[in-house]
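Colleague: okay, sequence plus prediction incoming.
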Amino acid sequence: MGSGWLVAAAPSTPQATAADPAIPKRVPAVFPAGWRFPAGARATFAQHAIVASNNRLAAEVGAQVMKQGGNAVDAAVATGFALAVTFPEAGNLGGGGYMVIRMADGRTDALDYRETAPLAATRDMYVGANGKVNGESVIGPKASGVPGAVAGMIEAHRKYGRLPISRVIAPAIRLASEGFIVDSSLFGSLSADKYRISGFAGKSVFLPNGVPPAIGSRLVQPQLARTLRLIASTGARDFYRGSTADSIVAEMQRSGGLITKEDLSRYRPIWRLPIRSSYRGYTLISMPPSSSGGTTITEMLNILEAYGPTAAFGSAERIHALASASQRAFIDRNSKLGDPAYVKVPLATLTSKGYAKAIAKTISRDHADATTQLATGLREGNETTHYSVVDTFGNAVATTTTLNDLYGSGVFVSGAGFFLNDEMDDFTSKPGTPNMYGLIQGSANAIAPGKRMLSAMSPTIVLDPRGSLLLVTGARGGPRIISATSQIILNVIDHRMSLADAMSAPRIHHQSLPDSIRVETGGVQRSVMTQLTQMGHHVYELSGIASAASIMRVRGGYEGMDDPRSHGGAVGF
């Protein structure tokens, strides 16, 4: 796979057709001199259809399926199953995710296939006798929630797909059975996470002789190919009620996990009403709870809209406004959001313009406001993956899926060929105690049997002021997903950046607690850092803030790209 059968559109200047007044002229971006990604780069252009993914092989699969007559949902499902083969750190059958869909006829939908807590889970299951949180929510069999990925992708295809599911999954089966070439990215990922993989059955596949498969070698996964064939022939039935379910349960019994056959047979994905909001005349279609992404982005952008006109990109004024809006939205996110089947979520309030206007008035113009003075501040996994799809019919899909940490819990299902997630860490193990990403959350997200853990995943579709598709975006990176996704949207709308510049631009992150602004190294001028410090902000540098995959409509077609912070790509025709 990956050579000879599909040629990716090369980064180029699209041949403009008749001028489209709904596509505003893009303004060249100016980044700090020390920033690692130059302004003015070009995204991949495709005239008809395109997939942008954190993994190029999976993007090629999605584009191939659309070339065969499939629509964007077919391509999204095909890409998802391919990621389970070629991107084992985050692509998965053993995790879950969210899908936001906008059909060309105007229909919109949101599919929640987030994992759920096993029926044997208890509120304090990760609190030891000493009152401290142990590590069982991060690595090992007790860290896994009931996986939703297979049920979700099959359900999305059932409702919106065009091609038979067997044709949609066929490329993933070939990649698993015939293998694909190990590149430096996969080799490096496996090398970095040997500690997580080596204690479980996956070491025989990914660490033969104690080391990852060599760069340039072919990785074949016959167990996974068998599982994919069963899905292609039975849909989700075998995975949740048949032999694959038996393999999952057997793995749990061997290692001391909680997932049972009843847990698997009870699992259902849920269709939800998307959050539909507006920002300066543009429309956002995003994911509602159990994801926190759509709610938090909506609140944040509403606050910024109420705060006033946009200051220059990269200025102290702009960063202060972004950080202050994010700080306040995260306070609500961390204390008020959870699975709507278990807690009353004040969604109408949190997404309303009036509520945001009142919050905007609390932002001081010249100094930082401490989180503890604003509210009782309460503080997700990192190795998610996002992909965006637009087809020849004008349908669009934004999908974010995850195992939580790289390679999830490390637990590998023998005989079935996939890792299980460690999403239980996304619950509040103990109110007021940070999880592995420093996120402090409240009791609304406490563990309960059958409950969906809160997520920051933020698949989002943006329409222009005329109601036409403009942007399909989302990211990986725990709570920083919200920051990356929102700032790409802001870069396109407020700063009129091209897609490449919007994706390459430096990012900032504020999640209420820890009470600080995180900035990407080299992405903020030193004089601006000094101004922010003088305003009372605590500013710290990070190597990177999340990784996105986006598509934007341009004159003559679409542009798409994976984040320059990542190693994927965009493929189209």
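Modeller: Thanks, I have it. For clarity, every value in this text was computed on a predicted model and none was experimentally measured.

Colleague: just for this protein, where's the confidence low?
Modeller: 1-22, 375-383, 432-440 (pLDDT under 70).

Colleague: please name the residues that touch residue 475.
Modeller: Residues in contact with residue 475, defined by CB atoms under 8 Å, 6 or more residues apart in numbering, are 384, 386, 400, 458, 481, 484-485, 488, 546-549, 563. Just so you know, the C-beta spots here come from the backbone N, C-alpha and C atoms, and that holds for glycine as well.

Colleague: so it versus residue 489, what's the distance?
Modeller: Using CB to CB, to the nearest Å, residue 475 is found at 11 Å from residue 489.

Colleague: likewise residue 404?
Modeller: 25 Å.

Colleague: between those two, point out the one with more neighbours.
Modeller: More neighbours surround residue 404 than the other of residue 404 and residue 489, with 33 against 24 (other CB atoms under 10 Å).

Colleague: now do the SS call for the more buried one.
Modeller: Under DSSP: H, G, I helix; E, B strand; the rest coil, the three-state class of residue 404 is coil.

Colleague: next one: residue 305
Modeller: helix.

Colleague: mind checking how far it is from residue 152?
Modeller: From residue 305 to residue 152 the distance is 33 Å (CB to CB).

Colleague: tell me which of those two has more neighbours.
Modeller: Neighbour comparison, residue 305 and residue 152: the larger count goes to residue 152, with 28 against 19 (by other CB under 10 Å).

Colleague: please enumerate the helices of the stretch 51-200 of the chain.
Modeller: 56-67, 72-86, 149-160, 165-178, 184-192, 194-197 (DSSP state H, counting those that start in this stretch).

Colleague: mind checking how far the last one is from the chain centre?
Modeller: For helix 194-197, the separation from the chain centroid amounts to 23 Å (computed by CA atoms, centre = their mean, to the nearest Å).

Colleague: likewise for stretch 119-133?
Modeller: 28 Å.

Colleague: name the helices or strands packed onto the top helix by length along the chain?
Modeller: In the chain, taking DSSP state H as the definition, the longest helix is helix 316-336. With contacts taken as 3 or more CB pairs under 8 Å, 6 or more residues apart in numbering; DSSP states H and E, helix 316-336 sits against helix 293-307, helix 371-374, helix 480-493, strand 508-509, strand 517-520, helix 526-534.

Colleague: mind checking how far residue 486 is from residue 399?
Modeller: 18 Å.

Colleague: these two: which is more packed in?
Modeller: More neighbours surround residue 399 than the other of residue 486 and residue 399, with 33 against 28 (other CB under 10 Å).

Colleague: doesn't the more buried one lie inside a strand?
Modeller: Yes - counting by three-state DSSP, residue 399 is part of a strand.

Colleague: how many other residues sit next to the nearest residue to it once chain neighbours are set aside?
Modeller: Closest residue to residue 399 apart from its sequence neighbours, by CB to CB, 6 or more residues apart in numbering: residue 99 at 4.7 Å. Residue 99 has 28 neighbours, counted by other CB under 10 Å.

Colleague: same deal with residue 358?
Modeller: Neighbours of residue 358 (other CB under 10 Å): 12.

Colleague: what does residue 556 give?
Modeller: 17.

Colleague: that one against residue 46, yeah?
Modeller: No - look at residue 556 against residue 46 with CB atoms under 8 Å: they stay out of range, at 9.8 Å.

Colleague: what residues of stretch 445-464 count as buried?
Modeller: 445-448, 450-464 (16 or more other CB atoms under 10 Å).

Colleague: same check, this time on stretch 185-196
Modeller: In stretch 185-196, counting by 16+ other CB under 10 Å, buried: 185, 186, 187, 189, 190, 193, 194, 196.

Colleague: for residue 317, state which of those residues is nearest.
Modeller: residue 185 (38.0 Å; CB to CB).

Colleague: just to revisit the earlier point, next, format the helices and strands packed on helix 316-336 as TSV and append distance to residue 267.
Modeller: Converted to TSV, the helices and strands packed on helix 316-336 look like this (distance: least, CB to CB, whole Å):
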stretch	distance to residue 267
helix 293-307	22
helix 371-374	37
helix 480-493	24
strand 508-509	33
strand 517-520	35
helix 526-534	46
